[in-house]
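Asks: sharing a sequence plus its predicted fold:
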Amino acid sequence: MTNQTKTPIVSKALLFPFIVITSLFALWGIANDLTNPMVSAFKKVMPELSNIQASLVQFAFYFGYFFMALPAALFIRKFSYKSGILLGLTLYAIGAFLFYPAAKYEEYNYFLVSLWVITCGLAFLETTANPLILALGDKKTATQRLNLAQAFNPVGSLTGMIIAQVFVLGALQSDDYTTDAYNALSSNELAAIRENDLGVISVPYLSLGVLVLIIMAIIFFTKIPKTPEADKMGLKKSFSKLFANKNYVTGVLAQAACVGSQIMCWTYIFQYVDNLNAEMGWNITATNYNIAAMILFLSGRWIGTGLMKKVNPPNVLALFGFCGALASIGAIVLPGMAGLISLVAISVFMSIMFPTIYGIALKDMGDEAKIGSAGLVMAIVGGALMPIAQAAILDLGGDGFNDLNILGYIPEVNASFILPALCLAFVGYFGYRSRKA
């Protein structure tokens, strides 16, 4: 344990720009957690989809980060952070408005394209905002400053979850029927329900597009300070330095594991609860537990940021990573409510991971940090790939969640959380090995 210097996390001179940039963290949190429940929503509205097909929502959403992060880094390297933010918000709004034709034509693939465009915009925002926050102050408090800014991301996430529950999941007509009753409806009745429900899914995204345009106008008229520029180096030299930095390379892998864990836990808690309702005869609402998880996530961000004033960030990351892995094992092996509580508890341990990995991986970098930032944002592709791997486990015995018992007593939906356990253990390892980096 080491005491940190008393350098302010954010100076008074940079407070307003810090607040403006921090608002973006909440804005992409809304999109992330409005979208997570859509896997379950599309599966209900389009029951012909398999678990893997429904998980393509997450693949389309998070693959946009991988596709656009490097172009975003090259763009802001040539132009400016503010230009990157404005272009990101433009793509965000376009993707949101594309939900209208997707709902009109009732085409699942159109929804996937819309989500992909949204995250192309989010890739610009994250590639820009994260290193900008790191640069808005003293290097000694950079990781704490990013944790503070990222603490507002769960506020947006909670907003997205509540919108998803109240205005989407709670309003789907297809969810009012049992499977047998739904299948017994006439083709005209099914068509009317599908048209209604796809419209229900699209409305929050259309509203979000309007909000994004408003925020874009505010930022357009806001002066974003220029950060100190290191001597620019060629792209080839930047990549050479990055790939030679073992701490950075391991950090990118840890970031992929971190994001994959988050998306798996916050997506498949719905299937976990559906299985508990079926097995235990309960009627509990998954979104309530997902909101509880996000409250823990938000609390963990604030607690972790405070803890880092006394404890080195890599030590905090190692502790949270290994504890998160243990909680994941609890979600696998513990029965009933105990397992669900363990699943919810994972979120408090995931809370500080993304910004802490980001800060550790980019520590002491110069101009190559702009390209390095892109690699860490590209790592968000873990959120595209890992849910598909988890869905493949769910589909082992069929399209249900308990078609196959592992070791004779563990439902396949529970067993699928072995993937977050492994990912979080790797994050803990990264924190442990970074203590002296």
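Replies: Happy to help now that I have it. Computed from a predicted structure; not experimentally measured.

Asks: of all the residues in stretch 351-371, which ones are buried?
Replies: For stretch 351-371, the neighbour count (16 or more other CB atoms under 10 Å) marks 351-363, 365, 367-371 as buried. Any C-beta I mention is one placed from the backbone N, CA and C, and that applies to glycine too.

Asks: ok, the residue located most distally from the centre of the chain to Ser351 distance?
Replies: Using CA atoms, centre = their mean, the residue of the chain lying farthest from its centre is Ser186. It sits 38.8 Å away. According to CB to CB, to the nearest Å, Ser186 stands 48 Å off from Ser351.

Asks: how about Phe220?
Replies: Per CB to CB, Phe220 is found 32 Å from Ser351.

Asks: circling back: tell me the phi and psi of the residue farthest from the centre of the chain?
Replies: The phi and psi values for Ser186, taken as degrees, to the nearest 10, are phi -70, psi 160.

Asks: same thing with Ile410?
Replies: phi -100, psi 110.

Asks: in what helix or strand does the residue lying closest to it once chain neighbours are set aside lie?
Replies: Distance criterion CB to CB, 6 or more residues apart in numbering; nearest residue to Ile410, sequence neighbours excluded, is Ile332 at 6.3 Å. If you go by DSSP states H and E, Ile332 is part of helix 313-333.

Asks: the nearest residue to Met38 once chain neighbours are set aside: how many residues sit nearby?
Replies: In space, Met38 comes closest to Val57 once its chain neighbours are excluded; the distance is 5.0 Å by CB to CB, 6+ apart. Residues near Val57, counting by other CB atoms under 10 Å, number 26.

Asks: pretty sure Val57 is touching Asn32, no?
Replies: No - applying CB atoms under 8 Å, one finds Val57 not in contact with Asn32, separated by 11.9 Å.

Asks: returning to what we had before: for the next helix or strand after the helix holding Ile332, give me every contacting residue.
Replies: For helix 313-333, the following helix or strand on the C-terminal side (DSSP H and E) is helix 336-350. By CB atoms under 8 Å, 6 or more residues apart in numbering, the surrounding residues in contact with helix 336-350 are 258, 261-262, 265-266, 269, 272-273, 276, 280, 289, 292-294, 296-297, 299-300, 320-321, 323-324, 327-334, 414, 417, 420, 424.

Asks: 7 Å instead?
Replies: Contacts to helix 336-350, defined as CB atoms under 7 Å, 6 or more residues apart in numbering, come from residues 258, 261-262, 265, 269, 272-273, 276, 280, 289, 292-294, 296-297, 299-300, 320, 323-324, 327-328, 330-331, 334, 414, 420.

Asks: which parts of this structure are strands?
Replies: Along the chain, counting by DSSP state E, strands occupy 405-406, 410-411.

Asks: for Gln310, give me phi and psi.
Replies: Not Gln; residue 310 is Lys. Phi and psi for Lys310, reported as degrees, to the nearest 10, are phi -110, psi -30.

Asks: any weak-confidence spans in the stretch 251-400 of the chain?
Replies: Residue ranges of the stretch 251-400 of the chain with pLDDT under 70: 366-368, 397-400.

Asks: lowest mean pLDDT across the strands of the chain, which one is that?
Replies: Per-stretch mean pLDDT for these is lowest at strand 405-406 (a mean of 70).

Asks: nearest to Ile193, of the strands of the chain?
Replies: Across these, Ile193 has its closest neighbour in strand 410-411 (29.4 Å, CB to CB).

Asks: tell me how far Gly88 lies from Asn188.
Replies: Distance of Gly88 to Asn188, given as CB to CB: 43 Å.

Asks: settle it for me: which of these two has more neighbours?
Replies: For the pair Gly88 and Asn188, the greater number of neighbours falls to Gly88 (29 against 8), based on other CB under 10 Å.

Asks: quick one: contacts for the more buried one?
Replies: With contact set as CB under 7 Å, 6+ apart, Gly88 has these partners: Gly121, Leu122, Phe124, Leu125, Thr128.

Asks: and the second one, how far from Asn188?
Replies: This means Leu122. 39 Å.

Asks: compute the inter-axis angle for the helix holding Ile332 and helix 336-350.
Replies: 160 degrees (axes from the mean of the first three to the mean of the last three CA atoms, to 10 degrees).

Asks: counting by contacts, list what helix 313-333 packs against.
Replies: helix 336-350, helix 353-361, helix 412-415, helix 418-433 (3 or more CB pairs under 7 Å, 6 or more residues apart in numbering; DSSP states H and E).

Asks: repeat the analysis, applying 6 Å as the threshold.
Replies: Judged by 3 or more CB pairs under 6 Å, 6 or more residues apart in numbering; DSSP states H and E, helix 313-333 is in contact with helix 336-350, helix 418-433.

Asks: gap between the first one and the chain center?
Replies: Put simply, helix 336-350 sits 18 Å off its chain's centre (CA atoms, centre = their mean, to the nearest Å).

Asks: equivalent analysis for stretch 248-262, please.
Replies: 12 Å.

Asks: count the neighbours of Ala338 for me.
Replies: With other CB under 10 Å as criterion, Ala338 counts 12.

Asks: again, but for Ala184
Replies: Count around Ala184 with other CB under 10 Å applied: 11.

Asks: for it, report the pLDDT, please.
Replies: Looking at Ala184, the pLDDT reads 82.

Asks: distance of it relative to Asp175?
Replies: Per CB to CB, Ala184 is found 16 Å from Asp175.

Asks: what's the answer for Lys82, then?
Replies: According to CB to CB, Lys82 stands 43 Å off from Asp175.

Asks: of these two, who's got more company?
Replies: Between Lys82 and Asp175, Lys82 has the larger neighbour count (other CB under 10 Å), namely 19 against 16.

Asks: neighbours of the closest residue to that one other than its chain neighbours, just the number please.
Replies: Closest residue in space to Lys82, ignoring its immediate chain neighbours: Ile224 at 4.4 Å, by CB to CB, 6+ apart. Per other CB under 10 Å, the neighbour tally for Ile224 reads 18.

Asks: thank you, goodbye.
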